[in-house]
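Asks: What follows is a predicted protein model with its sequence.
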Amino acid sequence: ASSNSPLDLPSQRCLSDPLVANSELACSENISSDGIARLDRKEQMPIASALDLNDDLLEDAVPWSHEPVCTFYIDELESELCVYTAASFDRGRGISIFTTPRIAEEFASLSPFWEVEGLGVNDHTNVWYTDALPGKGIAMLAKRSIKSGELLSAYTPALLVYMDPQLSTLQREKFLKIAVIQLPAATRDSYLSLTKFYNNPMVVMQDVLKSNTFEMEIGGHMHLALIPEPSRMNHDCAPNAQYYLDGATLTHVVHATRDIGPDEEITIAYSDPLTHFELRHRNLEVGYHFSCQCRRCQNHEASDAILTTIKTLTASLEDWTPASAATTEDAERVIQLFREQGLEGFLDDPHGHAAMAYAAVGNAEEATRHAKLAAEILAIKMGPTVPGVADWEDMAAEVKAHWSWGKRKRGFKGTLNKLFG
Ligand SMILES: C[S@@+](CC[C@H](N)C(=O)[O-])C[C@H]1O[C@@H](n2cnc3c(N)ncnc32)[C@H](O)[C@@H]1O
């Protein structure tokens, strides 16, 4: 979702996509109805074998509750891929990962694996509940009033999957079945109960994954992450929540970006809401199989015109040549338009522009206020450790040291002209 684009499985080698009903016949291999029974039949599995275990790996696999189950060596990856499960992860929530042994080793060294007391996440049900909404399936709703900036949820994945284009859909499905079956019953059930695009029994695991996936970087490589609870959050082009994924703590974190009333739906953006309607609409239809009926989509002509105004004003604010006509009023106008469009969760850039526009004319108080807001909103949007957060905090701490300070002091230029001119 949003800048992070969820729900994209890598393209498959299988000529025809088995996620599409009946097209599995076009694929080169067959699987039995349970998919797993054949895992030990190497002659039918060109790449994978469930029994191809690596003894060294077992020695290192301290947190794993099950023996890793691996594919053969895949030349393109220069590695095999294995299923690792830690059933006791976070007091029995459990986690499975399908990845390379090198990444698994790195993954196992992360602090969440060694936290015996629990991670202090995976328990935010005092904030939200789920219910069906007409035309939207199951949704996440607020249990009570929620303040802008409040933490709404923080959950770890049930499953992480290395994004590889090498395995065919059916080969991958066999391993994902093992990964999901090895999860503790409650986590497995919540995985299997999630929405599915295709309802094709041949590829249930990937159907769930494709319909609900976020992306998380681990060991320098993007993994698909299936996190059951936030998977119930529907899309809105004016969302009231923002999320980020933290690879170090293995957590998907969601904050409110404006006040939310009791029983109001909690929404995130699956597609960049700063793009025009046509592109958003196409992304949502192709990637997520629905037609968005949100307020901005229903009023898309007006909404697109506002986006165009925003882009024009922003381009002017980013023009630092002496010819720039940008003013602090332009910066305030962009902020106002974002708010009118319900884009509070994306106000980091507009506040950043305002901070610099005020600094440029020597208004330290307003520049500092906007720099602080830019830092706060970016931390909620991308996580507190992204470099931009520290940059805005630095500016707020010492605004006169920022490069933009005094850059557009027209009076100053006039004085110079008078003195030397
Ligand atoms: C990650 S799931 C969200 C939870 C889902 N509603 C459920 O029942 O589990 C994504 C799917 O939810 C539905 N959905 C999400 N946002 C929607 C919206 N604004 N309008 C209609 N359907 C939506 C679409 O079917 C989409 O493919």
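Replies: Here it is on my side, so go on. Residues are numbered from 1 along each chain as shown.

Asks: For the helix or strand harbouring Val161, which helices and strands make contact with it?
Replies: According to DSSP states H and E, Val161 maps onto strand 159-162. The contact analysis (3 or more Cβ pairs under 8 Å, 6 or more residues apart in numbering; DSSP states H and E) places strand 159-162 against strand 95-99, helix 169-181, strand 221-226. In short, each C-beta sits where N, CA and C put it, glycine included.

Asks: mind running it again at 6 Å?
Replies: For strand 159-162, the packing partners by 3 or more Cβ pairs under 6 Å, 6 or more residues apart in numbering; DSSP states H and E come out as strand 95-99, strand 221-226.

Asks: Can I get those in a markdown table including mean neighbour count and mean pLDDT?
Replies: Output for these, formatted as a markdown table (neighbours: other Cβ atoms under 10 Å; pLDDT from 0 to 100):
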| stretch | mean neighbour count | mean pLDDT |
| --- | --- | --- |
| strand 95-99 | 27 | 97 |
| strand 221-226 | 22 | 94 |
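
Asks: Of the ones you listed, give the one that comes closest to Val204.
Replies: With Cβ to Cβ, the closest approach to Val204 among the helices and strands packed on strand 159-162 belongs to strand 221-226: 12.4 Å.

Asks: Report the distance from the closest one to the chain centre.
Replies: 10 Å (Cα atoms, centre = their mean, to the nearest Å).

Asks: how about the helix or strand just after that strand, does it reach the ligand?
Replies: The first helix or strand that comes after strand 221-226 along the chain, using DSSP H and E, is strand 234-235. Yes. Against the ligand, strand 234-235 shows contacts by Cβ under 6 Å from any ligand atom at Asn234, His235.

Asks: Ok, which of the helices and strands packed on strand 159-162 comes nearest the ligand?
Replies: strand 221-226 (10.1 Å; Cβ to the nearest ligand atom).

Asks: Put the alpha carbons of that closest one into PDB.
Replies: C-alpha atoms of strand 221-226 as PDB (Å, rounded to 0.1, in the frame of the first residue of the first chain):
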ATOM      1  CA  HIS A 221      16.200  -8.000   0.200                       C
ATOM      2  CA  MET A 222      12.500  -7.300  -0.100                       C
ATOM      3  CA  HIS A 223      10.200  -9.900   1.300                       C
ATOM      4  CA  LEU A 224       6.400 -10.200   1.000                       C
ATOM      5  CA  ALA A 225       5.000  -9.900   4.500                       C
ATOM      6  CA  LEU A 226       1.600 -11.300   5.500                       C
END
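
Asks: Which neighbours in the sheet does that strand have, and how are they oriented?
Replies: If you go by DSSP bridges, strand 221-226 pairs up with strand 159-162 (antiparallel), strand 214-218 (antiparallel).

Asks: quick one: is it near the ligand?
Replies: No. Strand 221-226 stays clear of the ligand (Cβ under 6 Å from any ligand atom), getting no nearer than 10.1 Å.

Asks: Which parts of the stretch 101-250 of the chain are strands?
Replies: 128-133, 137-142, 151-155, 159-162, 214-218, 221-226, 234-235, 241-246 (DSSP state E, counting those that start in this stretch).

Asks: Describe which strands the shortest one pairs with in its sheet and in which direction.
Replies: Each strand that pairs with strand 234-235, with its direction, by DSSP bridges: strand 267-268 (parallel).

Asks: distance of Glu376 from the ligand?
Replies: Separation of Glu376 from the ligand (Cβ to the nearest ligand atom, to the nearest Å) stands at 27 Å.

Asks: three-state assignment of Gly362?
Replies: coil (DSSP: H, G, I helix; E, B strand; the rest coil).

Asks: Same question for Ile380.
Replies: Following three-state DSSP, we place Ile380 in the helix state.

Asks: rewinding a little: using CSV, lay out the strands paired with strand 221-226 together with distance to the ligand and mean neighbour count.
Replies: CSV is the format used below for the strands paired with strand 221-226 (distance: least, Cβ to the nearest ligand atom, whole Å; neighbours: other Cβ atoms under 10 Å):
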stretch, distance to the ligand, mean neighbour count
strand 159-162, 14, 26
strand 214-218, 9, 20
